[in-house]
Every structure is written in structure tokens, then in C-alpha cells.
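A.B. asks: What follows is a predicted structure for the sequence shown.
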Amino acid sequence: MNTGQQLRINCHQKPVDLIELSQRQNRIQSEKKALGASFREMFSKEMAASCKLSFSRHAHERMYSRGIELSEEGLNGIAAAIDKAQSKGSKETLILTDEAAFVVSVDNRTIITAFGRDNLRQGVVTSIDSAVIV
């Protein structure tokens, strides 16, 4: 057996670079994750468009990394909460749902960031002027 970074496989008799193979597999895994996130982002954008909502890139990343998913009902609830906050003159609001919390720019109807319930208990939410409980 070779002691270098190449291994000769008997049935193929072709050297295989194990480091290159490992790097290629890592690159493929990264691409798969990126495609999954892209599909999720596109799907979220389509659903949010029907509620006249948008998501910042940061919000997409936080939702994906924290495993937060929104149903059509959830999006409708957030849209209604934004309407309530807007009627009270809010600019930046915290929307609390059963599953998560969202900081939203009311004027442009954009979800800025998202917290899972566990994340919310550990931190402080700043730069808001109101909160709406859904």
C-alpha cells in the first residue's frame, strides 16, 4: 500500500488522490446546501409576495439556521400584525408567534430577523418601538 496521498485501487489501477476526493465531496455537499437554501428562499418569497411581505437576506439566513418555517397561515398572521402595528404608527415592531419572533420594518413590510423561542429567551431585542402578539 502506498504511504503517500495517492492510493492505487487494484480493479482500476488508477491512482486516486484522497485529499482531492475529499475536497470534491465537501464542495458537492456545500452546493447541495446552497441549492436547498435557495429553493427555500424562493418558496418563502413567493408565499410572502401574496401577503405583501418581504424577507431580508439576514432573516432568510436566521430562519434557515434556526429551523424556522412559516406556513401560509403564519404569513397571514404576520401580515395582519404588521397592519395592526402600522395603524398605531409603529416603525419597527417585534411580532411574537407561538413558534418564533420576528423583528419587522413596518413601513416597507420587511422581516428583518427571526428568533426561535429559545433564542428570544437568551437575548435582548433592541431598535423596536412596539410588539404585537399573534
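C.D. replies: Perfect, I can see it now. Numbers count the residues shown, from 1 in each chain.
A.B. asks: those helices in this structure, which residues are they?
C.D. replies: Using DSSP state H, the helices of the chain run over 18-50, 57-66, 72-87, 117-122.
A.B. asks: For those helices, which has the smallest mean pLDDT value?
C.D. replies: Note on those: helix 18-50 shows the lowest mean pLDDT, a mean of 64.
A.B. asks: Surely residue 119 is in contact with residue 66?
C.D. replies: Yes: at 6.5 Å, residue 119 and residue 66 qualify as touching, with contact defined as C-beta atoms under 8 Å. C-beta here means a position set from N, CA and C on the backbone, and glycine is covered the same way.
A.B. asks: who touches stretch 79-99?
C.D. replies: 51-53, 68, 74, 77-78, 101-107, 109, 112, 116-117, 120, 125, 127-134 (C-beta atoms under 8 Å, 6 or more residues apart in numbering).
A.B. asks: Could you do stretch 122-129 as well?
C.D. replies: Counting by C-beta under 8 Å, 6+ apart, 90-94, 101, 103, 115 sit against stretch 122-129.
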